[in-house]
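Colleague: Okay, here's the prediction I keep looking at, along with the sequence it came from:
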Amino acid sequence: MIIENLTSRDTHPQQGIVVSQINLDQEEQQFNDLYRYVNGQWQSLTEQQRFTQVRWSLDGQSVFATRHKQSLPELWNVTLDGQQTRLWQGSYGWIIGDMALFPTGEIYSSIKVSWLTPQSEYRPTEYLQQWVRFWFDDALRLEAAKQLQQERIRQVKKHWLKASKHDAFPVCVNQLNAALSRFTDKIETCTTTQDLLSLEATTTKTLYRLACYASQYGDFTRSERGYSNDIVNRFLDQGNYLAYGLAATA
């Protein structure tokens with residue numbers, strides 16, 4: 001059996017390799033099926049399905065796979081003997097991206113909302129007027145950027161601390177509060193947007209370190225310019241691009 005035209009693959013230290021491969025039947029209909037490499041051979045886990053992404057479970061006794069059926073995104077669990085259980089179904093117009101399975105067992109995935117409308121030249125002119133009013137004024141643009149960072153601090157504190165209370169994300173609360181307090185204090189000392197961007201980069205590295213420790217991920221280095229090889233960097237890249245798209249439609 002020749003394995004090619006892969007859309008996803010993952011490895012497990014004990015169970016080996018699992019892939020999702022594009023197949024065509026006799027009527028040239030396209031499917032995405034899952035295969036596991038075991039004992040020197042490829043074993044089929046599914047037949048005539050459309051699972052585009054696949055990730056091993058932590059114990060290696062099953063895999064998690066995603067697909068879109070009638071424009072609805074779905075997450076499935078497939079055991080090594082081929083039993084399939086649907087775990088989740090999203091809403092119409094959602095496009096599910098790459099998955100990340102954390103050591104704590106949680107599954108994260110990026111979601112693109114395809115029904116968001118693009119920018120329109122027919123929007124009320126006051127939208128552009130309000131944007132231009134601060135964008136071309138250095139002082140007002142810096143103040144707007146500071147407000148965005150302050151809101152970011154509030155959101156990080158709210159959601160990270162909430163997750164830590166339920167042991168879903170056991171971040172060190174003292175270190176998190178200390179990092180965010182330093183960020184808050186130094187924001188007011190920034191006199192240019194470049195100062196603020198540099199401060200944000202330093203704080204973000206601290207947040208990455210706390211997140212890695214809380215999730216037991218291990219060493220992590222943020223890739224540059226979208227050249228990502230590991231699952232976490234790809235997940236962050238997709239989140240960034242989704243944020244850019246949301247900002248463009250605001």
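Modeller: Perfect, thanks for sending it. Residues are numbered from 1 along each chain as shown.
Colleague: Could I get the full set of helices for this protein?
Modeller: 125-135, 138-165, 173-187, 193-215, 231-248 (DSSP state H).
Colleague: what's the angle between the second one and helix 173-187?
Modeller: What separates the directions of helix 138-165 and helix 173-187 is an angle of 170 degrees, with axes from the mean of the first three to the mean of the last three C-alpha atoms, to 10 degrees.
Colleague: Look up phi and psi at the residue of the chain most remote from its centre.
Modeller: Relative to the centre of the chain, and counting by C-alpha atoms, centre = their mean, the farthest-placed residue is Gln26 at 36.3 Å. Gln26 has phi and psi values of phi -70, psi -20 when expressed as degrees, to the nearest 10.
Colleague: so how far is Ser181 from it?
Modeller: Separation of Gln26 from Ser181 (C-beta to C-beta, to the nearest Å): 65 Å. Any C-beta I mention is one placed from the backbone N, CA and C, and that applies to glycine too.
Colleague: now swap in Thr206 and tell me
Modeller: In this structure, Thr206 and Ser181 are separated by 12 Å, where distance is defined by C-beta to C-beta.
Colleague: So for those two, which residue has more residues nearby?
Modeller: The residue with the greater number of neighbours, taking Thr206 and Ser181 and applying other C-beta atoms under 10 Å, is Thr206; the counts read 16 against 12.
Colleague: And the pLDDT at that one?
Modeller: In this prediction, Thr206 carries a pLDDT score of 93.
Colleague: can you pull the contacts of the closest residue to it other than its chain neighbours?
Modeller: Closest residue in space to Thr206, ignoring its immediate chain neighbours: Ala179 at 4.7 Å, by C-beta to C-beta, 6 or more residues apart in numbering. For Ala179, the set of contacting residues under the criterion of C-beta atoms under 8 Å, 6 or more residues apart in numbering consists of Thr203, Thr206, Leu207, Leu210.
Colleague: and what of Phe51?
Modeller: By C-beta under 8 Å, 6+ apart, the contact list for Phe51 reads Ser20, Asn32, Asp33, Leu34, Ala65, Thr66, Arg67, Trp76, Val78.
Colleague: which of the residues in stretch 213-224 are buried?
Modeller: Across stretch 213-224, burial judged by 16 or more other C-beta atoms under 10 Å covers Ala214, Ser215, Tyr217, Phe220.
Colleague: what's near enough to touch Glu200?
Modeller: Residues counted as contacts of Glu200 (C-beta under 8 Å, 6+ apart) are Gln149.
Colleague: Then Leu80?
Modeller: Going by C-beta under 8 Å, 6+ apart, Leu80 touches Gln15, Arg36, Leu45, Gln61, Ser62.
Colleague: Please report how far the residue farthest from the centre of the chain lies from Gln48.
Modeller: To Gln48, Gln26 is 12 Å away according to C-beta to C-beta.
Colleague: so where is the protein shaky, pLDDT-wise?
Modeller: The chain contains residues with pLDDT under 70 at 1-3, 113-124, 225-228, 247-250.
Colleague: what's the burial count for the closest residue to Gln43 other than its chain neighbours?
Modeller: Taking C-beta to C-beta, 6+ apart, and ignoring the residues beside it in sequence, Gln43 has Arg36 as its nearest neighbour in space, at 4.8 Å. Summarising burial for Arg36: neighbours were counted as other C-beta under 10 Å, giving 20.
Colleague: ok, back up a step: quick check on the contacts of Ala179: which are buried?
Modeller: Among these, those scoring as buried are Thr203, Thr206, Leu207, Leu210 (criterion: 16+ other C-beta under 10 Å).
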